[in-house]
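> Give the three-dimensional model of this entry:
(chains A and B)
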Amino acid sequence: MSAVYLDCNATTPLEPAVAEVVRRFMERDYGNPASPVHDFGTFARMAVEKARGEVAAVVAARRDEVIFTSGATEANNLAILGLAAHGLATGRRHVIGTRIEHKAVLEPLEELAARGFEVDLLPVGSDGRLCVEELREVLRPDTLLVTVMHVNNESGIIQPLTEIATALEGHPAILHTDAAQGFGKDMIPLSSPRIDLISISAHKIYGPKGVGALVARKRSGSLPPLRPLMFGGGQEQGLRPGTLPAPLIAGLGTAARLAGRNHPERNETNRQFRERALAALAPLKPTVNGDPAYALPHAVNLSLPGIPAARAIDALKDLVAVSSSSACTAGSTETSHVLAAMGVPRCMADCSIRLAWSHLTPEPDWTAVVALLESIRTEFTHGG
Amino acid sequence: MDIFDELEEATNYQLEHGDLPVWLAEPVLEVARNRDKYRDKEYLIELLLMQVREYDTYAEAGCCKWAFDWEDIKRSLKKLLEE
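Here you go, the predicted model:
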């Protein structure tokens, strides 16, 4: 039996219906959407517009508010660095983020700081959530941007976006959220019209890798004052040049549509999986990192005292594929910056693993998993 | 309500409240009312539904493709018959 994949926060398997659509536009309908002078190009263009509408529908946006990118990392860069020129021109050089953001947000924020912006990174509590009151306290008249992730990739904890949107009512700051982990999974908060910019990724919702979008909501008929980061074509309203990858975009659209349509069933399947997983692992006396009341049902971050994460991940690889942190930092030996921000002691953080599943995940052999982890604990406890 | 019901409803709505002409609505309704024939072509039906919902006689008059005109719908109908 091959290992069961439990790393769905890193990437998800491709939904079969999505694969079918991607294949269609790879093999048969391979026209360039920017060349609508014949049926090939026109059909590809239609597929792109269909996908645009499908992505927009998930967050109650308009079709013309969706800008396709190569993924959430590019969308985050466009959202954050794309506002720099406006900030400099208007003298608004203050930016607010959180300490638990993904590197795809933290590093563009570092770049803004290097360009003379003042960046406040807010802490989170042991529940894994930002305190909105602290956001209110640091908000200034010259705050250009507030960027808070929707769902944390390591803890699976949902951030209080609705409350943040309310806190920003009447303030001109642009509100951006990196929704790579929450888009299509936690539906209501992203519909808030106060959220100006939403970064999403296809491969976190059973779509293909290499495509995502920045949803840029219009205020008074105008897009946020973004400037492109690349040049060389007028695609995507001049904000993201380059030939549109119609197969990937069509796949993203289908994945978004299925996420919306099948949301209740998927959520329930994932909730039941979570219950079974926690019950099966209970003999190991794990500590759940973050408040489960705010967790998405498809992921959990556990500290297993006495069981080093690196050893556990390696030992489990023939049974289950799990990780200890963000896929983008998994190769590093540094302690998770997310767990550190949540106040998890290093000894516990180094014994933390992340399990993330999906509606497509088969049941692992939990008995074997627990037995293996128990043997590692014995080895480390008694072996020194 | 499945995709075929949605297509029929959207087409009737555009006939009554929008600019969708009868000569274009008729073949679309023909598709909507023949779910057995078109059941395996869900992607194209979804495309057609979007085009009907956002039908605009003057869709090609602006610089951007934010609506769909009779040519788009005709092309989708042709594709449905060809596949």
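> A:Val148 and A:Thr162 touch, don't they?
No - with contact defined as C-beta atoms under 8 Å, A:Val148 does not reach A:Thr162; the gap is 11.3 Å. All C-beta atoms are positioned from the backbone trio N, CA, C, and that covers glycine.
> if I pick A:Ala356, what's in contact with it?
By C-beta atoms under 8 Å, 6 or more residues apart in numbering or on different chains, the contact list for A:Ala356 reads A:Leu6, A:Asp7, A:Cys8, A:Asn9, A:Ala10, A:Gly156, A:His298, A:Ala299, A:Val300.
> so it bridges to which residues?
Beta-bridge pairing of A:Ala356 under DSSP bridges involves A:Asp7, A:Ala299.
> where does chain B have low pLDDT?
B:58-65 (pLDDT under 70).
> Sketch out the strands for the chain, chain order is fine.
Going with chain A. A:4-5, A:66-69, A:94-98, A:118-122, A:143-147, A:174-178, A:197-201, A:212-216, A:287-288, A:299-303, A:320-321, A:352-356 (DSSP state E).
> Not quite, go with chain B.
Using DSSP E, strands in chain B do not occur.
> Around chain A, pick out the residues from it.
Residues of chain B lying close to chain A (C-beta under 8 Å from any C-beta of the partner chain) are B:43, B:46-47, B:50-51, B:54, B:64-66, B:72, B:75-76, B:79.
> picking that back up, can you put the contacts of A:Ala356 in a markdown table and add neighbour count?
Shown next, in a markdown table, are the contacts of A:Ala356 (neighbours: other C-beta atoms under 10 Å in any protein chain shown):
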| residue | neighbour count |
| --- | --- |
| A:Leu6 | 26 |
| A:Asp7 | 19 |
| A:Cys8 | 23 |
| A:Asn9 | 27 |
| A:Ala10 | 20 |
| A:Gly156 | 28 |
| A:His298 | 25 |
| A:Ala299 | 27 |
| A:Val300 | 24 |
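> How about the residues of the stretch 151-300 of chain A by chain B?
Residues of the stretch 151-300 of chain A lying near chain B (C-beta under 8 Å from any C-beta): A:Gln237, A:Thr254, A:Arg257.
> Could you check how many residues crowd around A:Ala17?
15 (other C-beta atoms under 10 Å in any protein chain shown).
> If you go by neighbour count, which of the residues of the stretch 151-300 of chain A next to chain B are buried?
Among these, those classed as buried by neighbour count (16 or more other C-beta atoms under 10 Å in any protein chain shown) are A:Thr254, A:Arg257.
> got a list of what B:Leu48 touches?
Taking C-beta under 8 Å, 6+ apart, one finds B:Leu7, B:Val28, B:Val31, B:Ile73, B:Ser76, B:Leu77, B:Leu80 in contact with B:Leu48.
> so how many other residues sit close to the spatially closest residue to B:Thr57 that is not a sequence neighbour?
Distance criterion C-beta to C-beta, 6 or more residues apart in numbering or on different chains; nearest residue to B:Thr57, sequence neighbours excluded, is B:Asp19 at 4.7 Å. Counted with other C-beta under 10 Å, the neighbours of B:Asp19 add up to 13.
> Enumerate every residue touching B:Asp19.
B:Asp19 is in contact with B:Tyr55, B:Asp56, B:Thr57, counting by C-beta under 8 Å, 6+ apart.
> My guess is the last one contacts B:Asp69. True?
Yes - look at B:Thr57 against B:Asp69 with C-beta under 8 Å: they come within range, at 6.5 Å.
> In the stretch 101-250 of chain A, which residue sits closest to chain B?
Of all residues in the stretch 101-250 of chain A, A:Gln237 sits closest to chain B, at 7.7 Å by C-beta to the nearest C-beta.
> Number of residues surrounding A:Thr42?
19.
> wait, what's in contact with it?
A:Thr42 touches A:Gly31, A:Pro36, B:Asp72, B:Arg75, counting by C-beta under 8 Å, 6+ apart.
> for A:Glu65, same thing?
So A:Glu65 contacts A:Ala56, A:Val215, A:Ala216, A:Arg217, A:Lys218, A:Leu223 (C-beta under 8 Å, 6+ apart).
> What distance do you get for the second one to B:Leu7?
Using C-beta to C-beta, to the nearest Å, A:Val215 is found at 26 Å from B:Leu7.
> One more: the third one?
Distance check for A:Ala216 against B:Leu7: by C-beta to C-beta, it reads 30 Å.
> Same check on the fourth one?
Taking C-beta to C-beta as the measure, A:Arg217 and B:Leu7 are separated by 29 Å.
> cool, and the fifth one?
The gap separating A:Lys218 from B:Leu7 is 29 Å, by C-beta to C-beta.
> the more surrounded of those two?
Neighbours of A:Lys218 and B:Leu7, each counted by other C-beta under 10 Å, are more numerous for B:Leu7; the result is 23 against 14.
> How many neighbouring residues does the residue nearest to the more buried one when sequence neighbours are not counted have?
Counting by C-beta to C-beta, 6+ apart, the nearest residue to B:Leu7 once its immediate chain neighbours are dropped is B:Ala32, at 4.1 Å. B:Ala32 is flanked by 24 other residues according to other C-beta under 10 Å.
> what do you get for the one 4 residues further on?
For B:Asp36, the tally of surrounding residues (other C-beta under 10 Å) stands at 7.
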